[in-house]
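J.: output the structure for:
(4 chains)
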Amino acid sequence: MALVPRRSLTSLGARTLDLVDAVTDLVRVAAGTVSGAVFTYWRGTRPKGEIARQMHAIGNRSLLFVMVTLGFVGMVMVYQTCLLTTQVVDGRGQVGAQFARLLVLDVGPSLTAMMLATRVGAGIAAEIGSMKVTEQIDALRMSAVTPVDYLIVPRFFACVLMTVVLSIFGMAASWAAGGLTGYYSFQINPRTFFDLSMVAPAHVVLGMTKAVAYGAAIPIVAGWCGLRARGSSEGVGAATTAAVIGSSFAVIVLDFIISAIGLIFWGAGL
Amino acid sequence: MTAQRDGDAGGGAAVELQGVTVGFVSRRVLTGVTLRVPRGGRLGIIGPAAGGKSVLLKVIAGLLRPDAGAVRVLGHDLAAAREREVAAVRRRVGMLFQNYALFDFLSVGDNVAFPLVHGGAPPEGIEARVAARLRGVGLAGSERKLPSELSGGMKKRVGIARATVARPELALYDEPTAGLDPVTTSKIYDLLRADQAETGGTCVVVSSDVAAVAGFADTIAMLHDGRVRWVGPAAALFDADDPLVRSFARGEEREGAAVLARAVAIEPPGAGVWS
Amino acid sequence: MIALRGLHKAFGGRPVLAGVDLEVSRGEVLFVIGTSGVGKSVTIKHLVGLLRVDAGEIWLDGARIDALPERAYAAIRRRVAMVFQSSTLFDSMTIAENVALPLRKHGRLRMAEALADARRRLVEVGLGEFADRWPAELSDGMRKRAAIARALTLDPEVVLFDEPTTGLDPINARRVDRLIRALADERGVTAIVVSHDLASIFSTADRIAFLYQGGVRMCGTPAEVQASADPVVQQFITGRSSGPMETPGF
Amino acid sequence: MILQRTLTTLGARSMAVARDAGGVFVLLLEVLRSLVPPSMDGRELMRNLYKMGYRSVPIVVLTALFVGALMVVQLAAFVKQFGATALVGWGTGYAVFREVGPILIGLMFSGRVGANNTAELATMTVTDQIDGLQALAIDPIRYLVVPRVLAMIVCLVALTVIGDLVALIGAMAMSQVVLDIHPLTLWYSLVDNLSTADFLHGVYKSMVFGAAIALSSCYFGLTVKGGAVGVGRAVNAAVVGAAVSICFLDFLMTYLTA
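T.: Predicted coordinates for the structure are as follows:
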């Protein structure tokens, strides 16, 4: 009689425990990564040039992807805005400056990071996850090596740096594509379009803060998902999916939080 | 002579397990396992699939902590030790994983050198030791290859080379011959025997190939349902008093069916955080 | 019934099969044996069109089948079933649903009928009480038997087994052996079994083909193989580590 | 020298991209051909609808809520500066319905469902389950791919509609808090300035995105090579392919329908 509620209670309890366990793990990975990066980085015996290799894997191999997608988004945004502004009053002169502001403040870093969350997040989780299920993580521990230090910390450094760099490239691609769209479809003079007068230093600071935060979040979330992979190859697939969703979601939440903080501190000055 | 090394009070035992119990979420994997392996001994662990053999090996390696019971390995209590102390013990233990667990981003040479590099060995001697070890397993000169270029039997031997390069006092082998043909199987066991003769260390082998492991080990333990069902000299295995053990070893159906009449519950796949 | 003539197959320029000739008659249990990586699985995958020959001929009941288009293989695959090394049960279905799938797709049965039929077939392989479990919940031996039950649903004339006992403990291995033997003896099914498990080879085979260095080194009854004077064959069947045999993995 | 090497790399990479794009196109043709006598495994379709649609609702709702609120945060400084409170609803609605909603929900869907689907199919491929299907004389395209493509299109459209509405709720809540604009003001600004066509534009987009995600994820799942590592690589390629095609198709559709 009391079987059903008890069963659902047990399953609820088990789920809560799982969640608590997962969150504890995330905190542990994040703390391990940050402390490994700040305090003990130079003590480890990591293979030489590991950070450079990760920077290549994360940066160079995402460059084309980021520039293409951001370029298309730039085209679409400028196209839409021009359509709108020409409908009401002719505000085409303002479009470029507004676009630059939005690009620096939000769209550049956030969209770049969304793209990196899919590509880099998936890559890191797949790599670490497949190491987990093939017991390579245990093999590391057998040699008294800490997996977080050995695997996540170099990716952390590389990803923070590369997210900032790729954001800048992405912004440039987006801006250029937007300018071309404006010129060919709406006859906006490039000199009018490429106008930085509405970009304040505060915008740059805020945008770059976002890039750094995203760059830090992606490897931590993805590495955490990879280390939690269980079972066989399907476990790796699940970890990869979780990493893509988790790091994309982390990007959106961080964007919201940092934007809100910016709004509170700078207010209408933004 | 070797028994008192490193404050070893275990009376010459390399591994001593006392009432070890391990449970995952809702399922007991090991229940009250008590085992003792003397230094220089060769223990073979057999038993039906998912009977807890690999988990037991990971407990001995200090990769898993038991929920209850005492684990003394090379004189250290691993169940109570802090992670740093366990890591120090692990440096004296070598392990071959079931699917080799070679680092696929490192070359064969770097894989074998890994325990030396991270075990604080002087860098100048490493290259020579790796070359010597690879020669020992019959893979001389393949330092620069990547694991993905090797066949299963070769990967196994690289795994053995990596597990034994630091001359561990305790070597753990998880299914060293699974899926290999009979000739390759006996070549692998020849290799393990030669290694042990050279280092005088202790060996623990988990295998489902009962006949082959019985030919290698001096003592056999059978795990069934997470408990030690039988321990004895390898020679006595096929005539054990316990009918279940005997028929399992011989592959007879009648009593052995009891071993199988038990489904193994594993967590449902894909239960991730976000799904 | 089945004939392979001069089968050649290379992967990435590396020849694996270099002229395999093999004949199998109806109702026979033929074991294809040899070291790991010698091309045993490759050989049988050709029979159901999962791999295509580089050169050579494959005949099934007097019809040549190696050059058929992909669509035409559907008819052959209903007559020739295959049990893979990893049991290839679909993770997203229960055991009974797995077995019911081919019945539903080809037998045009309704779900309920197909499931009932599937349960009956699972009882035959001793898995009656596990019909509603997920594949991940079963042991390797059980999965293997469920995969065999699924392969048998379309009542094939030929069943190909790829290492059916590898990774199984002795009891499960002998169970699978008996199942194969029973198929041949009671239903007249032809079985081609790839294996290097000595115990099952000699307890189950009618005939044994020993594959070595891309060709069939020897083919004969278990007694003939055991009596063979060929040192390579002798080394393999005794499992000695020293001898003339070249093991590519070692 | 460097130029030559760059050109070679670029050439090789464009060849790979062209091959994958061609593969996806061939898969599309095969799917269409499989629809000619319209037969489909109903159970597989229902299973996928449940798994892809129903189970994605929480993450889509969360994302949309944040995105709606974020749109307002972005606009806030601007609105305060010019006092253009009447335009918040219009600006948010226009952006969410036509662009941000379909794109972001599409990307999320690709991350959760597309990636999961690639992983599932890739696992089936590397564990020989696809060979197993063929050995049972069952056509993998008809049995596995067709129901998935259909399910993904239906699910993404439904999720985009849900997401649009939730994003508006997020925007309303945020503008009440930050800008002190009453939700109804926002609502009127929206219905006065936007037409059904704006809403439908996003729905059409999500339909196309759904097909693109489905084809990309099935293609990379079925063509995987090389064990567990290969599965990871396939998932990676599938989400990247889906993201690029979403941005590209978005551009095309915006441009063509203008």
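J.: list the contacts for residue C:163?
T.: The contact partners of residue C:163, taken as Cβ atoms under 8 Å, 6 or more residues apart in numbering or on different chains, are B:179, C:41, C:85, C:194, C:195, C:196, C:197. The way it works is simple: take the backbone N, C-alpha and C, and place the C-beta from them, glycine included.
J.: from those residues, pick the one nearest residue C:184.
T.: If you rank these by distance to residue C:184 using Cβ to Cβ, residue C:195 comes first, at 14.9 Å.
J.: just name the lowest-scoring one in the contacts of residue C:163, pLDDT-wise.
T.: Ranked by pLDDT, the contacts of residue C:163 bottom out at residue B:179, which has 76.
J.: mind checking the SS state of it?
T.: Using DSSP: H, G, I helix; E, B strand; the rest coil, the three-state assignment for residue B:179 comes out as coil.
J.: got it, and residue B:31?
T.: For residue B:31, the assignment made with three-state DSSP gives strand.
J.: quick one on the thing from earlier: can you redo the contacts of residue C:163 as TSV with neighbour count?
T.: Shown next, in TSV, are the contacts of residue C:163 (neighbours: other Cβ atoms under 10 Å in any protein chain shown):
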residue	neighbour count
B:179	17
C:41	17
C:85	18
C:194	25
C:195	27
C:196	26
C:197	24
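J.: nearest to residue D:185 among those residues?
T.: The shortest gap between residue D:185 and any of the contacts of residue C:163 belongs to residue C:85, at 66.9 Å (Cβ to Cβ).
J.: assumed that closest one was part of a strand.
T.: No: under three-state DSSP, residue C:85 falls outside any strand and is assigned coil.
J.: what number of residues lie near residue 130?
T.: By default, I'm working from chain A. Neighbours of residue A:130 under the rule other Cβ atoms under 10 Å in any protein chain shown: 26.
J.: nope, chain C please
T.: Here the neighbour count serves as a burial measure; for residue C:130 (other Cβ under 10 Å) it reads 19.
J.: show me where the stretch 51-200 of chain D has helices.
T.: Using DSSP state H, counting those that start in this stretch, the helices of the stretch 51-200 of chain D run over residues D:57-82, D:88-95, D:101-109, D:115-126, D:129-135, D:140, D:146-174, D:183-193, D:196-222.
J.: how about CSV for those helices, with mean neighbour count, mean pLDDT and distance to residue A:214 added?
T.: Shown next, in CSV, are those (neighbours: other Cβ atoms under 10 Å in any protein chain shown; pLDDT from 0 to 100; distance: least, Cβ to Cβ, whole Å):
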stretch, mean neighbour count, mean pLDDT, distance to residue A:214
helix D:57-82, 21, 82, 14
helix D:88-95, 23, 83, 21
helix D:101-109, 28, 89, 15
helix D:115-126, 27, 86, 19
helix D:129-135, 22, 86, 37
helix D:140, 19, 88, 38
helix D:146-174, 23, 93, 21
helix D:183-193, 16, 85, 29
helix D:196-222, 22, 93, 23
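J.: out of those helices, the one nearest residue A:163 is which?
T.: Judged by Cβ to Cβ, the one of the helices of the stretch 51-200 of chain D that comes nearest to residue A:163 is helix D:101-109, at 16.9 Å.
J.: the closest one near chain B at all?
T.: No: applying Cβ under 8 Å from any Cβ of the partner chain, one finds helix D:101-109 separated from chain B by no less than 10.7 Å.
J.: so which elements touch that helix?
T.: The contact analysis (3 or more Cβ pairs under 8 Å, 6 or more residues apart in numbering or on different chains; DSSP states H and E) places helix D:101-109 against helix A:233-266, helix D:57-82, helix D:146-174, helix D:196-222, helix D:227-257.
J.: quick check: residues of the stretch 51-200 of chain D near chain B?
T.: Residues of the stretch 51-200 of chain D lying near chain B (Cβ under 8 Å from any Cβ): D:55, D:59, D:112, D:116.
J.: those residues: which two are farthest apart?
T.: Taking every pair in those and measuring Cβ to Cβ, the maximum separation is 11.6 Å, between D:59 and D:116.
J.: show the pLDDT at residue B:50.
T.: In this prediction, residue B:50 carries a pLDDT score of 68.
J.: show me the contacts for residue D:206.
T.: So residue D:206 contacts D:102, D:105, D:106, D:156, D:157, D:159, D:160 (Cβ under 8 Å, 6+ apart).
J.: list the contacts of the fifth one.
T.: The contact partners of residue D:157, by Cβ under 8 Å, 6+ apart, come to D:203, D:206, D:207, D:210.
J.: ok, these vs chain A, which is closest?
T.: Distance ranking of the contacts of residue D:157 against chain A, using Cβ to the nearest Cβ, places residue D:206 first at 15.2 Å.
J.: check contacts around residue C:76.
T.: Contacts were defined as Cβ under 8 Å, 6+ apart; by that measure residue C:76 touches C:48, C:49, C:60, C:65, C:68.
J.: chain A contacts on chain C?
T.: In this structure, chain C approaches chain A at residues C:91, C:136, judged by Cβ under 8 Å from any Cβ.
J.: helix, strand or coil for the residue of the stretch 51-200 of chain B found nearest chain D?
T.: Of all residues in the stretch 51-200 of chain B, residue B:104 sits closest to chain D, with a separation of 6.7 Å (Cβ to the nearest Cβ). Of the three states, residue B:104 takes coil according to three-state DSSP.
J.: and the residue lying closest to residue C:140 once chain neighbours are set aside, how many residues sit next to it?
T.: What sits nearest to residue C:140 in space, not counting adjacent residues and going by Cβ to Cβ, 6 or more residues apart in numbering or on different chains, is residue B:49, at 5.3 Å. Around residue B:49 sit 18 other residues, with neighbours defined as other Cβ under 10 Å.
J.: helix or strand for residue A:209, which one?
T.: Following DSSP states H and E, the helix or strand that holds residue A:209 is helix A:201-227.
J.: go on, residue B:171?
T.: In the assignment (DSSP H and E), residue B:171 maps to strand B:170-174.
J.: which parts of that strand are buried?
T.: By neighbour count with 16 or more other Cβ atoms under 10 Å in any protein chain shown, strand B:170-174 contains the buried residues B:170, B:171, B:172, B:173, B:174.
J.: which residues touch the fourth one?
T.: The neighbourhood of residue B:173, defined by Cβ under 8 Å, 6+ apart, consists of B:95, B:96, B:160, B:163, B:192, B:203, B:204, B:205, B:206, B:207.
J.: which residues sit in contact with the third one?
T.: The contact partners of residue B:160, taken as Cβ under 8 Å, 6+ apart, are B:96, B:137, B:173, B:176, B:188, B:191, B:192, B:195.
J.: phi and psi next, for it.
T.: For residue B:160, the backbone dihedrals are phi -70, psi -40 (criterion: degrees, to the nearest 10).
J.: same check, this time on the last one
T.: In terms of degrees, to the nearest 10, the main-chain angles of residue B:207 are phi -160, psi 150.
J.: secondary structure element holding the spatially closest residue to it that is not a sequence neighbour?
T.: Spatial nearest neighbour of residue B:207, chain neighbours left out: residue B:213 (4.1 Å); criterion: Cβ to Cβ, 6+ apart. Per DSSP H and E, residue B:213 falls inside helix B:210-216.
J.: okay, the very next helix or strand once past that helix in CSV with CA atoms only?
T.: Downstream of helix B:210-216, the next assigned helix or strand under DSSP H and E is strand B:219-224. What follows is strand B:219-224 as a C-alpha-only set of coordinates in CSV (Å, rounded to 0.1, in the frame of the first residue of the first chain):
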residue,chain,number,x,y,z
THR,B,219,47.1,-19.3,-5.3
ILE,B,220,43.6,-18.9,-6.8
ALA,B,221,40.7,-17.0,-5.2
MET,B,222,37.2,-17.3,-6.6
LEU,B,223,34.8,-14.4,-6.2
HIS,B,224,31.2,-15.1,-6.4
